[in-house]
Each structure stands twice: as structure tokens, then as C-alpha cells.
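Trainee: mind folding the following:
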Amino acid sequence: MQGKCLCGGVRFTLSGEIPNLYQCHCSLCRKVTGSSANAAFRIDLAQLSWNSGEELVQKYDSESGFKSHFCSRCGSPLPNLTAAGSAWWVPVGLLEETEELRVAAHLFVGSRAAWDVIASSAEHFDEMPDAAALTDLLRRPADQ
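Mentor: I've put the predicted structure just below:
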């Protein structure tokens, strides 16, 4: 599966099984996307390889630990390492092929924007669920 930023300067390849998606509705994700939620998933380190444009990646790390990596040309959010450095966080909007992907969880529904209408087709969590439970949910086959 191929991914790239808006200007195409940063390109990457994902390999292996791609988990289900989550949408995070917290205020930080709303700010970093300029939208109601951040659609993403996490994958193992070995599943992402950079094809071009790593020199264009800029980083913002907040005091709280929230971080955002983005393209210095077009501003697109980019994959970045999780806080523990054990996985990649990947924004779904960068991917070229998305037909097989589905949202399995909505996170921080309790702090969503008042105007945000969330589909009921996935599990809802008022805050961040237990990491192991979330990982299990996101790796579950679509028919379960």
C-alpha cells in the first residue's frame, strides 16, 4: 500500500496486514487536522518504509507528549513513531488505496465537538480505552 503527502514530496510504502482504523475526536486531533476527527491506525515498525522526502518531514512535540509530523512543503500530517517508539502512527488520508479499510473505533467521543455527528457503525469510547483492548479491536477481522 502506497502513501504520500499532498504535494507528493514525501512517499512511503506499507507492507503486511493493515489493521482497522480508529477516529480520534479529542481537541488535539481536531486542531492538527482542522476537522472533526483524526482517522489513523498503528502498525509495527517493520511495516513502513520511506520511499522519498524524509528530509521534508518537520516535527512538533508538545510539552504534553502529543506530537505531529508534517510535510514542510504542503503541511500534510505524516506518519510518526508512537510515544514508546514501538510502532508507527499512520494518518489514513495519505493512503492511495483505502477500499478495504474500515473504522472500528471512535475515541474520545466524550470530548467531541458539539457539531460532530459520529456514525454508530463502530465502537465508541468516551476516552482512550486500554491499549491492549484497542489493539485487539483494531486487529479483529471485519466480520466479527
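Trainee: tell me where the protein has strands.
Mentor: If DSSP state E is used as the criterion, the strands of the chain fall at 2-4, 11-14, 21-24, 38-44, 48-52, 57-61, 67-71, 77-78, 80-81, 87-91, 103-107, 123-124.
Trainee: to residue 136, which of the ones you listed lies closest?
Mentor: The closest of the strands of the chain to residue 136 is strand 103-107. By C-beta to C-beta, the value is 10.2 Å. The C-beta positions use only the backbone N, C-alpha and C, and glycine is treated the same way.
Trainee: and that closest one, what does it pack against?
Mentor: Packing partners of strand 103-107 (3 or more C-beta pairs under 8 Å, 6 or more residues apart in numbering; DSSP states H and E): strand 21-24, strand 123-124, helix 131-139.
Trainee: contact partners for residue 52?
Mentor: Contact analysis of residue 52 by C-beta atoms under 8 Å, 6 or more residues apart in numbering lists 9-11.
Trainee: same check, this time on residue 57
Mentor: 10, 69-72, 78.
Trainee: swap in residue 82?
Mentor: 42, 88-89.
Trainee: now do 6 Å
Mentor: Contacts for residue 82 (C-beta atoms under 6 Å, 6 or more residues apart in numbering) come out as residue 89.
Trainee: for it, give its distance to residue 119.
Mentor: Between residue 82 and residue 119 the computed distance is 26 Å (C-beta to C-beta, to the nearest Å).
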